[in-house]
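just need the structure, nothing else, for what follows:
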Amino acid sequence: MSAQYAWPELFPARHQVTDGSDHPAVSPLGDLFSPATEAEVRELEERLGVELPPSYRQFLLSANGWGSDDDCCLLRVEEVGWLRDVDPSIAESWSAPKPENSWSVPDELYFVYGLEQDSIHFRGEYVPDTLLLGYWDDGAALLNPHVSTVEGEWEAWYLAPWLPGARRYRSFWDLAMDQLRMGVNRIR
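Okay, the predicted model is just below:
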């Protein structure tokens with residue numbers, strides 16, 4: 001059984017959508033679209049040929065997209081895809097070997113998360129195989145299927161041109177919680 005994530009508690013305003021429209025609900029966290037159905041999530045998994053990580057899958061079942069085109073945007077199930085297919089120019093430019101993101105980053109440098117992490121230590125060869133989830137602050141939110149936990153979580157990345165590499169997280173849940181913390185700090 002997969003871990004339970006508190007998406008519904010984080011998105012209470014989602015339940016206020018009563019007009020049956022597809023317009024986003026307003027939440028303290030931004031605009032949220034109505035949840036994806038189990039059938040829509042299964043269709044996405046079939047299209048991708050993978051089982052989605054539990055935290056991301058549960059997110060989609062709570063909110064099928066988050067944000068607006070002007071700001072932060074986590075894509076809806078029909079827009080999610082492999083970076084190499086959805087945005088090949090980003091996949092190509094970030095996967096090309098560069099001196100600062102050596103393809104041979106040792107595990108002791110690569111598997112460091114949190115404040116001690118240096119974003120320069122990412123593996124560019126993984127970039128084309130990442131799953132594009134959305135965009136914000138001129139960057140992309142990605143899931144990396146090459147690194148996963150026993151629970152089925154995939155490593156999550158935030159890749160932006162102003163970073164010297166990728167900010168990496170153990171899971172989509174960790175990436176989302178970090179973005180929420182930063183968003184709350186910006187509001188203050």
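
C-alpha only now, for contacts and for neighbours.
Fine.

and Gln179, what does it touch?
Not one residue lies near Gln179 by Cα atoms under 8 Å, 6 or more residues apart in numbering.

retrieve the pLDDT associated with it.
Looking at Gln179, its pLDDT stands at 79.

that one belongs to a strand, doesn't it?
No. Under DSSP: H, G, I helix; E, B strand; the rest coil, Gln179 falls outside any strand and is assigned helix.

how near is it to Tyr169?
Distance of Gln179 to Tyr169, given as Cα to Cα, to the nearest Å: 11 Å.

same thing with Trp157?
6 Å.

what's the overlap in contacts for these two?
Common neighbours of Trp157 and Tyr169, counting by Cα under 8 Å, 6+ apart, are Leu175.

the more surrounded of the two?
Shown here are Trp157 and Tyr169; by other Cα atoms under 10 Å, Trp157 has more neighbours (28 against 23).

now the more buried one: which helix or strand?
strand 154-159 (DSSP states H and E).

and the closest residue in space to Arg57 that isn't next to it in sequence, how many residues sit next to it?
Distances taken as Cα to Cα, 6 or more residues apart in numbering put Val41 closest to Arg57, at 7.2 Å, once the chain neighbours are dropped. For Val41, the count of nearby residues is 20 (other Cα under 10 Å).

helix or strand right after the helix or strand hosting Val41?
In this structure, Val41 sits in helix 38-48 according to DSSP H and E. Sequence-wise, the next helix or strand downstream of helix 38-48 (DSSP H and E) is helix 54-62.

now do that next one: which elements does it pack against?
When contacts are defined as 3 or more Cα pairs under 8 Å, 6 or more residues apart in numbering; DSSP states H and E, helix 54-62 packs onto helix 7-10, helix 38-48, helix 172-187.

report the helix or strand with the lowest average pLDDT across this protein.
Lowest mean confidence among the helices and strands of the chain (mean pLDDT, DSSP states H and E): strand 25-27, at a mean of 52.

quick one: low-confidence ranges for this structure?
In the predicted model of the chain, residues 1-30, 68-72, 97-103, 182-188 satisfy pLDDT under 70.

state which strand of it is the longest.
strand 139-148 (DSSP state E).

hmm, who's touching stretch 133-152?
Applying Cα under 8 Å, 6+ apart, the contact partners of stretch 133-152 are 2-3, 53-54, 71-75, 80-81, 126-127, 129-132, 154-161, 172.

which among those end up buried?
Among the contacts of stretch 133-152, the ones that count as buried by 16 or more other Cα atoms under 10 Å are 53-54, 72-75, 80-81, 126-127, 129-132, 154-160, 172.

for Glu51, see how far away the nearest residue to Leu52 once chain neighbours are set aside is.
Leaving aside its sequence neighbours, Leu52 sits nearest to Glu45 (Cα to Cα, 6+ apart; 6.4 Å). Distance of Glu45 to Glu51, computed by Cα to Cα: 6 Å.
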